[in-house]
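Peer 1: no FASTA, just this:
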């Protein structure tokens, strides 16, 4: 009986029709959105995480293992951001197409020059990533670099639609370049603005818009802020004042609100990725809303 | 100015050669002509100079433009090479570049218990022979666990876990190879591994939510079932609902099986797990497992009716069924601040065979033995603020029915006297980071039929080295 059931299941597996669309599993929503932009209706995208979840701390949930099993392309950040859960998905998926080294295993950080490469690799420094800061999606110019590589990967993995992906990429590139120009013009007044961040998640945004990070609420990356560390930041702000304190949508708001109240500066919640705020419903909304929220905070 | 100078110079030269007054007019005329001609030439020269100057200016401008273009090209080239460099990730030339991931778990406990762990037994159940007794009283070192793992080549991965017990003995906890994506959802492993049965069985002790295993694990699986053998798992091609089927066969080296001098497998397991997300905040997994074994001369120590020490052996068939489920909640799937985990497992075991006893009144009387026993636990762990969790666990076992054959006197097997052990545990833990945890735990343990044991434990668990990844 058991064997019969097993064979029945196996035959179902074998006779499943070939996928009309390429199954893409994105580790973070920004890559899901990018894959959708480039893949159009030739891809079926699922996101492993949402903007309200801390990408460092995801569990290898059963649903994710099921999705990894069927994925034909895995699009992740890399640089050890997903080290706590992605290895389990890969190991348990029984899926050869998305294993490291295969074209179906795409790591965005491989195509972007990383900032903040740690000088000292030691856990006493907190949750540091050996390859550099992995939060590359806060600079749209990085999206452009990744888009170029991802369109090529799409064309490799799904060669039948290579021309389609190339065409979509060309179109995306034009629109994206124009959008970056718009955002940069809008964000010009932000240049040189001093900010405090909750987690060291924004070096790429700071680099892009010329923001100046004067302090971080987390005493070490990945270590929750304590009253002591917050007080230290508050003292520092008296010497080097900042215009605002920034947190990501998934961050607990208490630390930044605590500081904002005492330092008399606004606390700004940034989407951090697609879906982080209602306005950041796609990649364009992500940067548009980020710039808007920053601009709003600088106005008295 | 220049012109006057030239003219006067010429005049002087001519003046020295002027000898006739009538020639003077001629000379004047000539001078006038020369002057005119020089002026014309000088004008033409000036024009040419101006032209040349303009041309130079244009050339300069073009050169500047060219420079700018070159610079642009350079930056583009730099960018390109940067990207290329990042993409290429220059290979480290160090000899140890291919060293596997190594991590070490350090753990220690301070225990206070009202009864000595050396008298520990679970009433109504055949002792499993595993390390089931509570920690030694006072200070004790926990198991130090050294884990080494890496991909062997593009097709295989190897994993090795060495457990160093506080008494300075070393045991191989895991040593297995695993395929990396056979495709079609298949994964095969070979070596020594924790069986995939139940929920907690495949999870290493340092990742448990309490300092010790549930009573069902202690009495039905000797704490944790690990075998030497092969395992195959298959994932159904479902979209977001996990359906996993697994099968194992092995040497039967651990309870409830025993190793035997026999070709082929001695113990085998089959299991199925189903899991998924109810919504963004809730996810779950449930499973059914079966473990079948044919133990031979599985030995345990007891006393007979008159208190003489005996050594008993069971040979026959042992079948264990396990039902397990786990449910996890975190607001929007973000477990940083609040989370809750509820897990429970039910086990039922049938054993049919012969029980023989040596050393006491029952010596040399082989008799039939048949038992059906069960047990379960339910535990909940709640994270009420970042880093802090509190947990409750209830354990209950039912010694069920034990039938002794004609030759055996139940009084000669006092440990199997009907009894329903239970235990209640509360724990509280603090994890300063992903890599460290401190725990305090209290249990009221009624495993022993006569008296209950109050157990307090303080524990630390730290992991250093490679970042581990934990299963759901």
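Peer 2: The structure has been received and is ready for your questions. Please read these numbers as outputs of a predicted model, since none were measured by experiment. Numbers count the residues shown, from 1 in each chain, chains lettered A, B, ... in the order given.

Peer 1: which of the three states applies to the residue in the stretch 251-400 of chain B that chain A sits nearest to?
Peer 2: Using C-beta to the nearest C-beta, residue B:275 is the residue of the stretch 251-400 of chain B that sits closest to chain A, at 2.7 Å. C-beta coordinates here come from the backbone N, C-alpha and C atoms, glycine included. Counting by DSSP: H, G, I helix; E, B strand; the rest coil, the backbone at residue B:275 sits in strand.

Peer 1: show me the helices in the chain, by range?
Peer 2: The chain I'm using is chain A. With DSSP state H, the ranges of helices along chain A come out as A:2-15, A:29-39, A:62-70, A:86-93, A:140-157, A:162-186, A:203-209, A:227-239, A:254-263, A:283-298.

Peer 1: hmm, I had chain B in mind actually
Peer 2: Under the criterion DSSP H, chain B carries helices at the ranges B:2-17, B:22-88, B:215-221.

Peer 1: chain center to the last one: distance?
Peer 2: Yep, that's helix B:215-221 we're talking about. Chain-centre distance of helix B:215-221: 25 Å, with C-alpha atoms, centre = their mean, to the nearest Å.

Peer 1: residues in contact with the residue of the stretch 251-400 of chain B closest to chain A?
Peer 2: Taking C-beta atoms under 8 Å, 6 or more residues apart in numbering or on different chains, we find residue B:275 in contact with A:61, A:62, A:63, B:241, B:242, B:283, B:284, B:285, B:286, B:472.

Peer 1: try residue A:140
Peer 2: Contacts of residue A:140 by C-beta under 8 Å, 6+ apart are A:176, A:179, A:180, A:183, A:208, A:283, A:287.

Peer 1: so which of the residues you listed comes closest to residue B:320?
Peer 2: Nearest to residue B:320 out of these is residue A:283 (C-beta to C-beta; 52.5 Å).

Peer 1: on that earlier part again, beta partners for the residue of the stretch 251-400 of chain B closest to chain A?
Peer 2: Beta-bridge pairing for residue B:275 (DSSP bridges): residue B:242, residue B:285.

Peer 1: care to break the chain down by domain?
Peer 2: Picking chain A for this. A:21-181, A:189-298 (automatic domain parsing).

Peer 1: let's do chain B instead
Peer 2: According to automatic domain parsing, the domains of chain B span B:2-15+B:26-85, B:108-465.

Peer 1: JSON lines for those, including mean pLDDT and distance to residue A:76?
Peer 2: Formatted as JSON lines, the domains of chain B follow (pLDDT from 0 to 100; distance: least, C-beta to C-beta, whole Å):
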{"stretch": "domain B:2-15+B:26-85", "mean pLDDT": "56", "distance to residue A:76": "18"}
{"stretch": "domain B:108-465", "mean pLDDT": "94", "distance to residue A:76": "16"}
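
Peer 1: return the most buried member of these.
Peer 2: domain B:108-465 (a mean of 18; mean count of other C-beta atoms under 10 Å in any protein chain shown).

Peer 1: re earlier: out of the contacts of residue B:275, which is nearest to residue A:200?
Peer 2: Taking C-beta to C-beta as the measure, residue A:61 is the one of the contacts of residue B:275 closest to residue A:200, at 26.9 Å.

Peer 1: quick one: contacts for that closest one?
Peer 2: Counting by C-beta under 8 Å, 6+ apart, residue A:61 touches B:275, B:277, B:283, B:328, B:472.

Peer 1: hang on, residue A:100 packs against residue A:90?
Peer 2: Yes: Residue A:100 is within contact range of residue A:90, at 7.3 Å (criterion: C-beta atoms under 8 Å).

Peer 1: so between those two, which is more surrounded?
Peer 2: residue A:90 (23 against 14; other C-beta atoms under 10 Å in any protein chain shown).

Peer 1: against residue A:71, how distant is that one?
Peer 2: Counting by C-beta to C-beta, to the nearest Å, the separation of residue A:90 from residue A:71 is 10 Å.

Peer 1: and the closest residue to residue A:234 other than its chain neighbours, how far is that from chain B?
Peer 2: Nearest residue to residue A:234, sequence neighbours excluded (C-beta to C-beta, 6 or more residues apart in numbering or on different chains): residue A:262, at 5.6 Å. Distance, residue A:262 to chain B, by C-beta to the nearest C-beta, to the nearest Å: 21 Å.

Peer 1: report the beta-bridge partners for the nearest residue to residue B:317 once chain neighbours are set aside.
Peer 2: Using C-beta to C-beta, 6+ apart and skipping the chain neighbours, the partner closest in space to residue B:317 is residue B:352 (5.1 Å). Taking DSSP bridges as the rule, residue B:352 bridges to residue B:317, residue B:370.

Peer 1: how about residue B:373: what's its closest non-neighbour residue?
Peer 2: Nearest to residue B:373 is residue B:400, by C-beta to C-beta, 6+ apart, at 4.1 Å.

Peer 1: list residues touching both of residue A:90 and residue A:71?
Peer 2: By C-beta under 8 Å, 6+ apart, the residues touching both residue A:90 and residue A:71 are residue A:98.

Peer 1: ok, now which ones touch the residue nearest to residue B:373?
Peer 2: Counting by C-beta under 8 Å, 6+ apart, residue B:400 makes contact with B:371, B:372, B:373, B:374.

Peer 1: of these, closest to residue B:155?
Peer 2: residue B:374 (42.2 Å).

Peer 1: thought the closest one was touching residue B:346?
Peer 2: Yes: Residue B:374 lies in contact with residue B:346 (C-beta under 8 Å); the separation is 7.1 Å.

Peer 1: and residue B:274, how far from residue B:235?
Peer 2: In terms of C-beta to C-beta, residue B:274 sits 11 Å off from residue B:235.

Peer 1: any idea how far residue A:197 is from residue A:286?
Peer 2: 17 Å.

Peer 1: now swap in residue A:53 and tell me
Peer 2: To residue A:197, residue A:53 is 19 Å away according to C-beta to C-beta.

Peer 1: hmm, back to that, select from the contacts of residue B:400 every entry located in strands.
Peer 2: Judged by DSSP state E, strands contain the following of the contacts of residue B:400: B:371, B:372, B:373, B:374.

Peer 1: residues contacting residue A:292?
Peer 2: residue A:279.

Peer 1: quick one: low-confidence parts of chain A?
Peer 2: For chain A, applying pLDDT under 70 flags the ranges A:1-19, A:300.

Peer 1: pull up the distance across stretch A:73-88, start to finish.
Peer 2: End-to-end span of stretch A:73-88 (C-alpha to C-alpha, to the nearest Å): 17 Å.

Peer 1: quick one: it to chain centroid distance?
Peer 2: Counting by C-alpha atoms, centre = their mean, stretch A:73-88 comes out at 11 Å from the chain centroid.

Peer 1: and it, which residues are buried?
Peer 2: Using 16 or more other C-beta atoms under 10 Å in any protein chain shown as the test for burial, stretch A:73-88 gives A:73-88.

Peer 1: give the full set of residues in contact with the residue nearest to residue B:139 when sequence neighbours are not counted.
Peer 2: Once flanking residues are discounted, residue B:139 sits nearest to residue B:110: 5.1 Å by C-beta to C-beta, 6+ apart. Contacts for residue B:110 (C-beta under 8 Å, 6+ apart) come out as B:138, B:139, B:140, B:457, B:458, B:459.
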